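Peer 1: can you look at this prediction? I've put the sequence above it.
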Amino acid sequence: MPRVKVARKSTAIDMTAMCDVAFLLLTFFILTAKPKIDDPSHAVVPPSTQMIPVADANMMTVSVGQHKFFYSVTEQDVRSEALKAMGLKYGVTFTPEETQRFSLTQVFGVPMKQLKSFLDTDPDQLKNFKQEGIQADTTNNNELFNWIYTSRQAEKALHDKDLQMSIKADSKEEYPEINTVISCLEKQKLFKFDLITSLKTAPKK
């Protein structure tokens, strides 16, 4: 008897649904991902075996690198209000465009006398702008102290919360610079803060 030929069925698979899911996931990850912040302090933090994630909100950070002080606050509206308060204190008037640009600046390290020229610099040229660091001496003109104070006041007024504090210092930075930051916090009765470190493997026992 002749062999019965079985009709071959098509093995084609409709991948439309799979592609839709893949593009939806890709879009989600792109929209929720945070861009890497260009840290002008270039601080290489010391290693630690403890891993506690840094808060994504309600946080202010002082970075210390190359004997310079840099400052950042997570909330944009707090940055804007702190800038206005600092402008009133130091007699500097900022335009709405400069205020908006400052609210988008996540990390900066320039004294008040250079802040306007820093904000007026083209964004493509900011990497070439030499940031001298925020002034933080023991006189009454302690700008780092005032940035911390005005940011705390703005956070309290806008969100009715207390800003958390963290210090990010280069592993080779000398103690006097770190003590300067701690002194600014002590004068404002801030005795609790985080030290930002990198993670290292714990030694085997």
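Peer 2: Yep, it's here.

Peer 1: contacts and neighbour counts: CA atoms only from here.
Peer 2: Will do.

Peer 1: now the strands: where do they sit in the protein?
Peer 2: 47-48, 59-65, 68-73, 164-169, 194-195, 198-199 (DSSP state E).

Peer 1: can I get these in TSV including mean pLDDT, distance to Glu143 and mean neighbour count?
Peer 2: Formatted as TSV, these follow (pLDDT from 0 to 100; distance: least, Cα to Cα, whole Å; neighbours: other Cα atoms under 10 Å):
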stretch	mean pLDDT	distance to Glu143	mean neighbour count
strand 47-48	72	30	13
strand 59-65	92	12	23
strand 68-73	93	10	23
strand 164-169	91	17	21
strand 194-195	86	21	14
strand 198-199	70	28	13
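
Peer 1: of all these, which one is nearest Lys127?
Peer 2: Nearest to Lys127 among the strands of the chain is strand 68-73; the distance by Cα to Cα comes to 14.7 Å.

Peer 1: for the closest one, packing partners?
Peer 2: strand 59-65, helix 143-159 (3 or more Cα pairs under 8 Å, 6 or more residues apart in numbering; DSSP states H and E).

Peer 1: report pLDDT for Lys5.
Peer 2: Per-residue pLDDT puts Lys5 at 67.

Peer 1: then Asn141?
Peer 2: pLDDT at Asn141 comes out at 77.

Peer 1: got it, and Tyr175?
Peer 2: pLDDT at Tyr175 comes out at 87.

Peer 1: I'd like the distance between Lys192 and Tyr71.
Peer 2: Look at Lys192 and Tyr71: by Cα to Cα, to the nearest Å, they are 18 Å apart.

Peer 1: alright, that wraps it up for me.
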